[in-house]
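# only geometry, no sequence info:
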Ligand code: OAD
């Protein structure tokens with residue numbers, strides 16, 4: 001048996017009804033669905049500068065440009081379907097009683113695959129909020145209009161600008177999300193899938209779970225910054241490895 005076969009077998013054996021399982025996902029999980037990742041040769045941050053498109057300062061300078069980029073991504077994601085990686089994780093979320101999925105992805109594909117107990121660490125591209133934070137509107141709400149008649153779309157409550165409901169660089173993570181994620185990091189099995197593990201605080205959850213005694217596993221097409229905190233690294237495509245784990249006889 002090759003080491004990857006052994007690793008897949010080992011992971012399959014750890015999945016039991018009484019295992020507390022937490023999965024952290026990143027853009028690599030949606031790569032097979034056609035959603036571009038951020039880093040690497042074909043990554044979005046290789047073509048665009050995050051400081052022009054994904055910071056509060058960028059929005060303040062040029063809200064139209066920022067919205068055009070988010071509108072382009074909403075149109076692209078709308079045409080994408082969940083892949084086998086999303087489907088296997090959705091199945092596990094229904095099968096294992098103590099399962100939490102923390103995703104850095106804003107594409108909503110885990111939810112579309114039917115995953116239960118999802119924590120959206122970086123918000124959702126399908127949510128919006130009032131840029132001014134006007135008193136008449138909730139903090140965030142769902143609006144899947146594609147395309148908007150005008151960008152920036154107007155806030156229905158105050159007529160100012162709407163903003164995408166995602167977390168930008170320089171913004172803090174919702175304290176409730178941080179608290180739930182920290183709780184989920186106290187688990188038996190922590191699986192990190194398709195993330196470069198460079199963006200904090202999300203990436204810090206891997207070492208945090210290790211510190212609490214979790215068995216840590218990574219599934220990625222290459223080694224990442226998470227390596228020092230891993231018990232098992234499965235190098236390969238998420239959609240293929242998760243499929244093989246799921247098909248292992250128990
Ligand atoms: P990255 O683009 O940084 O990393 C994607 C990871 O997926 C890389 O490590 C790839 O090797 C891996 N990968 C690619 N295809 C894969 C496949 N089929 N199977 C398994 N792995 C694969 O994306 P994230 O780690 O998600 O933040 O990026 C983290 C955050 O940085 C994002 O949430 C976003 C970005 O800026 C915000 O927007 C705030």
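Received the coordinates, thanks. None of the values given here were measured: they were computed from a predicted structure.
# need the residues of this structure near the ligand, please.
Counting by CB under 6 Å from any ligand atom, the chain comes close to the ligand at 26-28, 31-32, 37-40, 43, 54, 104, 122, 167, 194-196, 199, 219-222, 224, 237-238. (Glycine included, C-beta is placed from N, CA and C.)
# which strands and helices sit next to the top helix by length along the chain?
Among the segments of the chain that qualify as a helix by DSSP state H, the longest is helix 63-78. Where contact means 3 or more CB pairs under 8 Å, 6 or more residues apart in numbering; DSSP states H and E, helix 63-78 is packed against helix 50-53, helix 56-61, strand 123-130, strand 162-166.
# Residue 5: which of those is closest?
Each of the helices and strands packed on helix 63-78 has some distance to residue 5 by CB to CB; the shortest is strand 123-130, at 36.9 Å.
# Could you list the buried residues of stretch 99-115?
Buried residues in stretch 99-115, counting neighbours by 16 or more other CB atoms under 10 Å, are found at 99-111, 113, 115.
# And stretch 170-182, by the same measure?
Neighbour counts over stretch 170-182 (16+ other CB under 10 Å) mark 173, 174, 177, 180, 181 as buried.
# got it, and stretch 126-140?
Neighbour counts using 16+ other CB under 10 Å place 126, 127, 128, 129, 130, 131, 137, 140 of stretch 126-140 among the buried residues.
# try stretch 65-83
Of the residues in stretch 65-83, 66, 67, 69, 70, 71, 73, 74, 77, 80, 82, 83 count as buried by neighbour count, 16+ other CB under 10 Å.
# Can you read off the pLDDT for residue 1?
pLDDT for residue 1: 63.
# meant to ask about residue 33
98.
# now stretch 215-232: how far from the chain's centre is it?
Centroid separation for stretch 215-232 versus its chain: 17 Å, with CA atoms, centre = their mean, to the nearest Å.
# Report the mean confidence score over it.
pLDDT averaged over stretch 215-232 gives 98.
# what does stretch 235-248 give?
When pLDDT is averaged over stretch 235-248, the result is 98.
# List the ones among the buried residues of stretch 99-115 that fall in helices.
Applying DSSP H to the buried residues of stretch 99-115, the entries found in helices are 109, 110, 111.
# The first one against residue 31, yeah?
No. With contacts counted by CB atoms under 8 Å, residue 109 stays clear of residue 31, the gap being 10.9 Å.
# care to break this structure down by domain?
Residue ranges for the domains of the chain, per automatic domain parsing: 3-34+82-122+173-247, 36-79+124-166.
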